[in-house]
Every structure is written in structure tokens, then in C-alpha cells.
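K.L.:
Build me a structure from this.
(one chain, ligands or ions: 1)
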Amino acid sequence: MNTDLFGLAGRVAVVTGGGQGLGRGICELFAAVGAKVAVLDIDADLADDVARSLPTEAIGLGVDVRHKAELDDATADVLRRLGAPVAWVNNVGGLAGVAAGPTIELAAGDLALVLELNVTGTLLACQSAIGALAATGEGGAIVNICSLQGMKGSPHLAAYGAAKAAVAQLTQTLALEHAPQHIRVNAVAPSFVETPASALLVSDERRAASLRSIPLGFISQPADIAGTVLALASDLTRFVTGQVIIADGGLSLTTARPHRAQIG
Ligand SMILES: NC(=O)c1ccc[n+]([C@@H]2O[C@H](COP(=O)([O-])OP(=O)(O)OC[C@H]3O[C@@H](n4cnc5c(N)ncnc54)[C@H](O)[C@@H]3O)[C@@H](O)[C@H]2O)c1
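P.N.:
I've put the predicted structure just below:
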């Protein structure tokens, strides 16, 4: 009997932004099911720390996903040192240092920063991923990280919401273009995840309000979202492509959503 239900044992997975937060949680879960992991992060020290902490073979690489040349170098390193990947997670994203605020005041330069980190970074990394996944001839899986903010109105977070909506659309388009190569492209859209980024942005009061609004009654940890990512990266979902799976504890099902800016 095949006990490697995920089909990832001894195979290679790449995770961008794997140095902390959700990305780190994804690296840890992939390693727990036996995958070799390439941890890509703009902070090379964080990437190295995570790689060293994993129980399987792993490498940490300093990469800014906004720069194709850096992604190309990292991809070549992954192929040479670990082998061809079968899973690639594009987790880098966020507010890019742009403060929440009324959309009517959103500056074009701030919008560009958020789009560059979330959309350009994901597009360039998908291009690298497709080249690398195609190398095995058997295809593989890409999982992009979106956000509930990209699927609903996002008061005071217009740039972030628009950027994550673009990542969702990109996911569908790439899924169709690369289905013939058996490369599946899906996305996970979390609401609020407890990570270093959200800890900086969310007050205790705001956190308590979020908790009250989540039907399942808890705020997700990186491992909760990583489980959904793993499912989409694994053979278990081999017939699923172009989907954005919401992982939000039921928040998006409720009608009484807080009419305030939400982080995530
Ligand atoms: N935390 C939440 O509540 C939440 C909710 C929904 C979606 N998300 C999404 O989940 C993803 C991870 O969020 P997080 O909260 O773990 O973020 P985080 O800021 O805690 O971690 C992001 C990681 O990415 C790295 N990074 C940043 N810019 C980079 C770049 N240009 N190139 C390579 N690496 C870079 C950082 O060094 C860091 O290690 C993001 O796409 C975010 O939008 C987060």
C-alpha cells in the first residue's frame, strides 16, 4: 500500500517568503511529509535558519521575487542542489509598507509598490516555477497565496485587495495555459493568520473583534493554512486546477462583517 498519500516524500518543494510566518509554516509541513524544501526569502539569514531547522534536506536562498534574474539564479540552484521541483508555493505578498487608508487618497506610487510585491512578484515566480516544474516532464503544482481581501470589498486596503484579486485571476489564466503540461495552478485565500506581519498590524482589540466574527471560533495559525496549501500541492488534488480555496474559518459566509479595514 502506498503510504505517501501526498506524493511529496523525497520530492522537491519550493516556497517563496519561507523565512517566517505563513511561509515558514508551509515549509515545515512540506518537510513533515518528507519533501525536500527550498526556502526562498529576501532575507537570506531567515531562509537559512528555516532550512537548517527542517528534518529533511533543505536549502535557504536569498531571493527578491520582484527580480527575475534573482529568481532564475535561485531556480538553477534548486535544480542543481535538490533536483527538479514538483511543488512551488508563491507565498510572498503583503502591504509592502503602505499604510491602510481611504481609497480616495491612495497614491499611484503606493499602489505600484503593492502591485509590484504581490502581482509582479507572483507572476515572475510563476514563470520560474513553470520552467522548473516542466523540467521533470511529469508536471507539478503551483499554489499562490491570495487573501479574502482580494475576493470582497476591502475598505482602506484597496491596493492590497486589487493586488490579491489580480493574483487570483493570474492563477486561473496560468491554470488553463499549463494544464496540457499537467501543471496545476491553484490558490489559497486566508483571512487572518497569526504571523509576524499581522502581529505588527493588528491591535489586541482588533484581534478580539476578528475572533468574535469567525464562525469556527479561532484565528488561524500558519499550520492551519499550510494544510490547505499542502492539499493543493499534493496528488490528492490531482483533478483540481484554477481554484481559489478560501481558508477563513467560515468568515466569508457570515452576513455581518465588520465595516472596517481588515488586515490580511
Ligand atoms: N497574515 C495574514 O493575516 C494574512 C492573511 C491573508 C493572506 N496573507 C498572505 O500570506 C502571505 C504571507 O503573509 P505573512 O503574514 O506570513 O507575511 P510575513 O511578512 O510575516 O512574511 C513574509 C515573508 O516574505 C519575505 N519577503 C518579503 N518580501 C519579499 C520579497 N520581495 N522577496 C522574497 N521574500 C520576501 C519576508 O522576509 C518574510 O519572511 C502573504 O502573501 C500575505 O499577503 C496573510
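K.L.:
pLDDT score assigned to the residue nearest the centre of the chain?
P.N.:
Computing the C-alpha centroid of the chain and ranking residues by Cα atoms, centre = their mean puts residue 91 first, at 2.5 Å. pLDDT, residue 91: 98.
K.L.:
cool, and residue 8?
P.N.:
At residue 8 the predicted local confidence, pLDDT, stands at 97.
K.L.:
Equivalent analysis for residue 250, please.
P.N.:
The model's pLDDT for residue 250 equals 97.
K.L.:
so how far is the ligand from it?
P.N.:
Separation of residue 250 from the ligand (Cβ to the nearest ligand atom, to the nearest Å) stands at 15 Å. C-betas here are computed from N, CA, C, even on glycine.
K.L.:
For that residue, which non-adjacent residue is closest in space?
P.N.:
residue 215 (3.4 Å; Cβ to Cβ, 6 or more residues apart in numbering).
K.L.:
what about the one you found, how many neighbours?
P.N.:
The number of residues packed near residue 215 is 11, by other Cβ atoms under 10 Å.
K.L.:
OK, contacts around it?
P.N.:
249-251, 253-254 (Cβ atoms under 8 Å, 6 or more residues apart in numbering).
K.L.:
Out of those residues, which is nearest to residue 161?
P.N.:
Minimum distance to residue 161 across those is 15.1 Å, recorded for residue 251 (Cβ to Cβ).
K.L.:
which parts of this protein sit against the ligand?
P.N.:
16-17, 19-23, 41-43, 46, 63-66, 91-94, 117, 121, 145, 147, 190, 192-193, 195-198, 263-264 (Cβ under 6 Å from any ligand atom).
K.L.:
Any of those buried? List them.
P.N.:
Burial by neighbour count, 16 or more other Cβ atoms under 10 Å: within the residues of the chain next to the ligand this picks out 16-17, 19-23, 41-42, 46, 63-66, 91-94, 117, 121, 145, 147, 190, 192-193, 195, 197-198, 263-264.
K.L.:
those helices in the stretch 101-250 of the chain, which residues are they?
P.N.:
With DSSP state H, counting those that start in this stretch as the criterion, the stretch 101-250 of the chain has helices at 108-115, 121-134, 158-178, 196-201, 204-213, 222-233.
K.L.:
Distance to residue 9 added to those, as CSV?
P.N.:
Shown next, in CSV, are the helices of the stretch 101-250 of the chain (distance: least, Cβ to Cβ, whole Å):
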stretch, distance to residue 9
helix 108-115, 37
helix 121-134, 18
helix 158-178, 24
helix 196-201, 30
helix 204-213, 36
helix 222-233, 12
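K.L.:
Quick check: chain neighbours aside, which residue is closest to residue 182?
P.N.:
residue 139 (2.8 Å).
K.L.:
Could you double-check that the one you found lies in contact with residue 179?
P.N.:
No. The pair residue 139 / residue 179 is not scored as a contact, 9.1 Å apart, by Cβ atoms under 8 Å.
K.L.:
neighbour-wise, which of these two wins?
P.N.:
The neighbour comparison of residue 139 against residue 179 (other Cβ under 10 Å) goes to residue 139, with 17 against 14.
K.L.:
so where's the stretch 1-150 of the chain shaky on pLDDT?
P.N.:
Applying pLDDT under 70 to the stretch 1-150 of the chain picks out residues 1-3.
K.L.:
Show me where the stretch 151-264 of the chain dips below the pLDDT cut-off.
P.N.:
By pLDDT under 70, the low-scoring segments of the stretch 151-264 of the chain are 256-264.
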